[in-house]
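Asks: Kindly return the folded structure for what I paste below:
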Amino acid sequence: MFSKTGTTKQFSEWHYLVGDPWLLALVSWLPPLCFLIIYLIFSQGLARDLSIGIVDLDQSRLSRAMTRYYDASPTLAVKASYPSLQEGISALRGGTIYGLVLLPEDMEKNAIRGRVPKVEAFYNNQFLLIGKLVKSAVLGVHTTFVAHIDTVKNLSTKSPVIGQAMAAAVPINSQIRPLFNQNNNYAQFLVSAIIPAVWQIFIVMTTVLCIAAELRREGLASWLGPQPARALFTKLVPYTLLFWLHGISYLLAMFTYLGWPMHGNLSYLIFCQLLTVCACQAVGTLLFFLSKDPARSLGLAAAYAAPGLAFMGVTFPATDMTLPARIWRSLLPVSHYIDVQIAQVNYGAPVSLSQPQLQNLALFILPALIALLLAYKTVQTQRRLST
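Replies: Numbers count the residues shown, from 1 in each chain. Down below sits the predicted model:
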């Protein structure tokens, strides 16, 4: 007979892990598969050929030329032409198209007479990203088309030189350069945030499930024994290493294999991942010992970790969040980690600037201590009941 020392428990934990197909999936092939699916969804990087419709009430040479300009835009694709505005609006509401452009009657005639024709565009802003892209592309097409008309007009009347005609048509030329993510690659923007959010969900849920497994096997008090701290430590260390390995893998996949820009210190980011894994495990352990019921604990873990992406401050700026939202954000380990990741990946910031985030991650020792106190209380309660 072997005594249940820390090392022996660690070996038995690996044995239990291999014998539990669901836990084994959560720490082996399921996270990489989810990460790969997320990447494949956004792998194109740029949103192209978004479907729009045209309601051409003019049917003139000018309106047909403008339609060709819409279709020539890499972001837009004219998929349908509707005889009336009502039919076009119905298609937009039904999701068949993402945008609708109304070219009014007498458009060409008014343009020739010097009257400004009114072109109306409609888009569904409930699709935030798609709506923004459609709006930007339509405005770009309008600006280009108007500049083209003014240039032709200036060539025939005022300035026979093409350069002067273009300068008169567009007197002020703007040049906008993004400082980061210069190619507007949505994969780099979204995937690098979604994967850590999903990673946090896996860590918290797996922590709850692996402790719940001990409740089924021999009971919490028997498993925790006289040294609950050692029992918890030896229980969670294998999962810490496995999820840390998952974190390192997706970092290397993004910034080494895919060649996405990395301006900072990758080693420092890997160290912050270890702190994030430990913080997530601390929260998962606390959630379990608060209820000591697997179903309730999983429900609490899902409610806690699932909204992570919304509160990380990537898709919506944290400075514009309400106070309750900022408080909830501060309770998520991944929100502090993503600040470090953005600072290192995009800005190449000095390590010293990320000290507040490290301190916030270190504060997750508090839920770990509370969970440990609850574990000791569980053992003491069981002893009193047994006597």
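
Asks: alpha carbons only for contacts and neighbour counts from here, please
Replies: Fine.

Asks: Now do the contacts for V27.
Replies: T206, Y239, L242, F243 (C-alpha atoms under 8 Å, 6 or more residues apart in numbering).

Asks: now with 7 Å?
Replies: V27 sits next to L242, F243 when contact means C-alpha atoms under 7 Å, 6 or more residues apart in numbering.

Asks: Now it: phi and psi?
Replies: phi -110, psi 0 (degrees, to the nearest 10).

Asks: what about it, distance to W199?
Replies: Distance, V27 to W199, by C-alpha to C-alpha, to the nearest Å: 11 Å.

Asks: Same question for A303.
Replies: 15 Å.

Asks: More neighbours: these two, which one.
Replies: W199 (23 against 12; other C-alpha atoms under 10 Å).

Asks: surely Q382 meets A221?
Replies: Yes: look at Q382 against A221 with C-alpha atoms under 7 Å: they come within range, at 6.3 Å.

Asks: which of these two has more neighbours?
Replies: A221 (20 against 15).

Asks: and the more buried one, what does it touch?
Replies: T378, V379, Q382.

Asks: Pick the one among the residues you listed closest to G95.
Replies: T378 (54.6 Å; C-alpha to C-alpha).

Asks: measure that closest one to L220 for me?
Replies: Distance from T378 to L220, by C-alpha to C-alpha: 8 Å.

Asks: ditto for D20
Replies: 18 Å.

Asks: And the strands in this structure?
Replies: With DSSP state E as the criterion, the chain has strands at 50-56, 76-81, 99-103, 120-123.

Asks: Quick one: distance of the shortest one to the chain centre.
Replies: Relative to the mean C-alpha coordinate of its chain, strand 120-123 is positioned 28 Å out (C-alpha atoms, centre = their mean, to the nearest Å).

Asks: where do the helices sit along the stretch 251-387 of the chain?
Replies: 266-291, 294-305, 308-311, 323-330, 333-342, 355-362, 365-386 (DSSP state H, counting those that start in this stretch).

Asks: These: which one's closest to Y257?
Replies: helix 266-291 (13.7 Å).

Asks: Quick check: which helices or strands does that closest one pack against?
Replies: helix 192-217, helix 228-252, helix 294-305, helix 333-342, helix 355-362, helix 365-386 (3 or more C-alpha pairs under 7 Å, 6 or more residues apart in numbering; DSSP states H and E).

Asks: Tabulate those (TSV), appending distance to A325 and mean pLDDT.
Replies: Output for the helices and strands packed on helix 266-291, formatted as TSV (distance: least, C-alpha to C-alpha, whole Å; pLDDT from 0 to 100):
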stretch	distance to A325	mean pLDDT
helix 192-217	16	95
helix 228-252	26	95
helix 294-305	13	95
helix 333-342	12	96
helix 355-362	17	96
helix 365-386	20	90
